[in-house]
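Chemist: turn this into a model:
(2 chains)
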Amino acid sequence: MSFELAIQARDLRFAYPDGASALSGVSFDVAAGESVGLVGPNGAGKTSLFLCLSGVLQARGGTLRVGGLDPRDPSQRRHLPSQVGIVFQNSDDQLFNATVFDDVAFGPLNLELPPDEVRQRVDEALARVGLTGMEERVPFHLSGGEKRRVALAGVLAMRPSILLLDEPSMYLDPRGRRELIRLLHALGGTRMIASHDLELILQTCQRVLLLDGGRSIADGPAQTVLADAALMEAHGLEVPYPLRGDDR
Amino acid sequence: MTLAFSLPPPTDSPLSRLDPRWKLAALSIAAAFTATLHTLSAAVVACVGALFLAVLGRLPGRWFLQRLGAASLFVALFALPLPWMLLDEGTSWSLGPLRVSQHGVQVALLLTVKAIALLTLFLTIQATAPLETNLKAAHALRIPSLFVHLGQLSYRYIFVLADELRRLRVALRVRGYRRGMNRHTYRTAGHVAGTLLVRGYERAERVGQAMRCRGFNGQFRSLKKFSTRPVDVLVFVLVAASAAALLVWDRYPELTT
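Modeler: You can find the predicted model right below:
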């Protein structure tokens, strides 16, 4: 594995305009090619952290480098969409074009790529998520799983080196969830997955970062952190089923 | 409920084969001129012209009449009181205790006929090209990106908001809510409207964030390429010239006698 850092965060802080603190000194590194699960109870700061990493929210304090760029620097932030892709909790927030093709092409068009390359990237991204042939479908008439895959294709078409997935299994039925896990395995690359679905985290991430109250509580191998019943209990989580002992 | 907002599949018609830019420009000019007409006779001619274009566009009859009917009910709210409200020194008739003015009837008819003509033109634009094509044509006609995006997002999120409204109505019903003509109903309707507004605002924030994350900087971009043929220009000139002639006849009838 390369030890080049894809994400470097030191003492990150963020508070919303109403004064509510979302991140209070979060520090962590993610190596290139690493898959990191982000877990924690509701309000832990998982989505806020992703929005800071993608430059949507402006984190204060400390150091932040994502794909070699500082999301807080406006001149560097402009290049961030080609480095960092984020798939939001609710696909309806991300799909706003009239056809699947237009939606997936939205990002590459914003990168001002030549038309042929845009078409090529759209075809490639749809093939990766298994939606070839659905280019002319209307996104809001798709099933939850299909919407999720279109949203992912829209991000993949930008060929980001880092992928952030916020609650990717939310609104998915068991089959959609299984397909998502298969897809995540096939994708590879550097990624962070925020989820309450700890079994999904266990199956897709080697490492876990536990957040609570805007602070990083634990950071370590998924098998170790998620198996710590006392830690999970203390932060409103549960040990995932495959890690439970026979006595449970 | 969301079916009410659904667009018909574009039909193959002489109008749908035109370059969407020229067609949009021609029908927009026709609509703008129709909106400024003052006389009933000119408005009737404009309405007949719009209906002719709808026939030329092979609009699905049922889809067209349903929308026209719904819009007519809305227009009736404004048009029906006018004969009683616009009383002047001119001719009037007595209907029992009420007086109806000729001027009021004329204004009501003018309003109704113009509304039907405008809606027909609008539906013809909608039915003869997919929405995204019309938006791209609008952008090609130098309509600011902001308005094009507003059109696109408004249409897209009508479905999402309609879904949210449906969920709210189910939530009300399962808690025993029944509509009535009482204070409780009005208050509940106000709360539902408020909730939808707040949710709409929050969603708009999230959509904006998702767009920025994919490099959006306010520009409308598209791969769509349009090409102009002589027939596109000819239809544009015919429609625009007819609309201009109608406006001249409306304003300066003495020039045409």
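Chemist: every contact and neighbour count from this point should use C-alpha atoms.
Modeler: OK.
Chemist: tell me the residue of the stretch 1-150 of chain B that sits nearest chain A?
Modeler: Ranked by C-alpha to the nearest C-alpha, the top residue of the stretch 1-150 of chain B for proximity to chain A is residue B:132, at 6.1 Å.
Chemist: what's the burial count for that residue?
Modeler: 18 (other C-alpha atoms under 10 Å in any protein chain shown).
Chemist: work out for me the element it sits within.
Modeler: Element membership of residue B:132 [criterion: DSSP states H and E] is helix B:131-140.
Chemist: for that helix, packing partners?
Modeler: Counting contacts by 3 or more C-alpha pairs under 8 Å, 6 or more residues apart in numbering or on different chains; DSSP states H and E, helix B:131-140 packs against helix B:20-35, helix B:145-174.
Chemist: flag the shaky bits of the stretch 151-257 of chain B, pLDDT-wise.
Modeler: Low-confidence regions of the stretch 151-257 of chain B, defined here as pLDDT under 70, cover residues B:256-257.
Chemist: enumerate the residues of it near chain A.
Modeler: Counting by C-alpha under 8 Å from any C-alpha of the partner chain, the stretch 151-257 of chain B comes close to chain A at B:152-153, B:156-157, B:159-160, B:203, B:206-207, B:209-217, B:221-223.
Chemist: which of those residues are buried?
Modeler: B:152-153, B:156-157, B:159-160, B:203, B:206-207, B:209-216, B:221-222 (16 or more other C-alpha atoms under 10 Å in any protein chain shown).
Chemist: burial count for the nearest residue to residue A:198 once chain neighbours are set aside?
Modeler: The shortest distance from residue A:198 to any non-neighbouring residue, by C-alpha to C-alpha, 6 or more residues apart in numbering or on different chains, is to residue A:240 (5.7 Å). Applying other C-alpha under 10 Å, we find 18 residues neighbouring residue A:240.
Chemist: my read: residue A:240 touches residue A:224, true?
Modeler: No: the criterion here is C-alpha atoms under 8 Å, and residue A:240 misses it with residue A:224 at 11.5 Å.
Chemist: before we move on, the earlier item: and the residue nearest to residue A:198, what is it in contact with?
Modeler: With contacts defined as C-alpha atoms under 8 Å, 6 or more residues apart in numbering or on different chains, the neighbours of residue A:240 are A:198-199, A:202, A:226-227.
Chemist: for these, which one is nearest residue B:174?
Modeler: Proximity of these to residue B:174 (C-alpha to C-alpha) peaks at residue A:198, which lies at 33.0 Å.
Chemist: what residues are up against the nearest residue to residue A:77 once chain neighbours are set aside?
Modeler: Taking C-alpha to C-alpha, 6+ apart, and ignoring the residues beside it in sequence, residue A:77 has residue A:71 as its nearest neighbour in space, at 4.9 Å. When contacts are counted by C-alpha under 8 Å, 6+ apart, residue A:71 touches A:52-55, A:58, A:64-65, A:77, A:80.
Chemist: measure residue A:71 to residue A:50 for me?
Modeler: From residue A:71 across to residue A:50, the span is 11 Å (C-alpha to C-alpha, to the nearest Å).
Chemist: ok, the residue nearest to residue A:77 to chain B distance?
Modeler: According to C-alpha to the nearest C-alpha, to the nearest Å, residue A:71 stands 11 Å off from chain B.
Chemist: which SS class is that residue?
Modeler: When classified by DSSP: H, G, I helix; E, B strand; the rest coil, residue A:71 comes out as coil.
Chemist: what of residue A:10?
Modeler: Assigned with three-state DSSP, residue A:10 falls in the strand class.
Chemist: that one contacts residue A:60, doesn't it?
Modeler: No: between residue A:10 and residue A:60 there is no contact under C-alpha under 8 Å: 10.4 Å.
Chemist: now the strands: where do they sit in the stretch 101-250 of chain B?
Modeler: Under the criterion DSSP state E, counting those that start in this stretch, the stretch 101-250 of chain B contains no strands.
Chemist: correction: chain A
Modeler: Remark: strands of chain A, listed N- to C-terminal, are A:5-15, A:21-31, A:35-39, A:63-66, A:84-87, A:162-166, A:190-194, A:207-212, A:215-221; assignment by DSSP state E.
Chemist: mind putting those in CSV, mean pLDDT, mean neighbour count and distance to residue B:85 included?
Modeler: Output for the strands of chain A, formatted as CSV (pLDDT from 0 to 100; neighbours: other C-alpha atoms under 10 Å in any protein chain shown; distance: least, C-alpha to C-alpha, whole Å):
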stretch, mean pLDDT, mean neighbour count, distance to residue B:85
strand A:5-15, 93, 19, 57
strand A:21-31, 94, 18, 59
strand A:35-39, 96, 27, 66
strand A:63-66, 92, 20, 67
strand A:84-87, 92, 27, 57
strand A:162-166, 94, 24, 59
strand A:190-194, 95, 26, 63
strand A:207-212, 96, 24, 65
strand A:215-221, 95, 17, 67
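Chemist: which one, of those, ends up nearest to chain B?
Modeler: Comparison of the strands of chain A against chain B by C-alpha to the nearest C-alpha identifies strand A:84-87 as nearest, at 7.0 Å.
Chemist: and of the contacts of residue A:71, the nearest to chain B?
Modeler: Distance to chain B across those (C-alpha to the nearest C-alpha) is lowest for residue A:54, with 6.6 Å.
Chemist: tell me who's in contact with the closest one.
Modeler: By C-alpha under 8 Å, 6+ apart, the contact set of residue A:54 is A:71, A:80-81, A:84-86, B:213.
Chemist: so how far is residue A:92 from it?
Modeler: In this view, residue A:54 and residue A:92 are 19 Å apart by C-alpha to C-alpha.
Chemist: again with residue B:163
Modeler: The separation that residue B:163 has from residue A:92, given C-alpha to C-alpha, amounts to 11 Å.
Chemist: likewise for residue B:246?
Modeler: 46 Å.
Chemist: same check, this time on residue A:211
Modeler: 26 Å.
Chemist: repeat that for residue B:129.
Modeler: Counting by C-alpha to C-alpha, the gap between residue B:129 and residue A:92 amounts to 25 Å.
Chemist: neighbour count: those two, which is higher?
Modeler: More crowded of residue B:129 and residue A:92, by other C-alpha under 10 Å: residue B:129, with 26 against 20.
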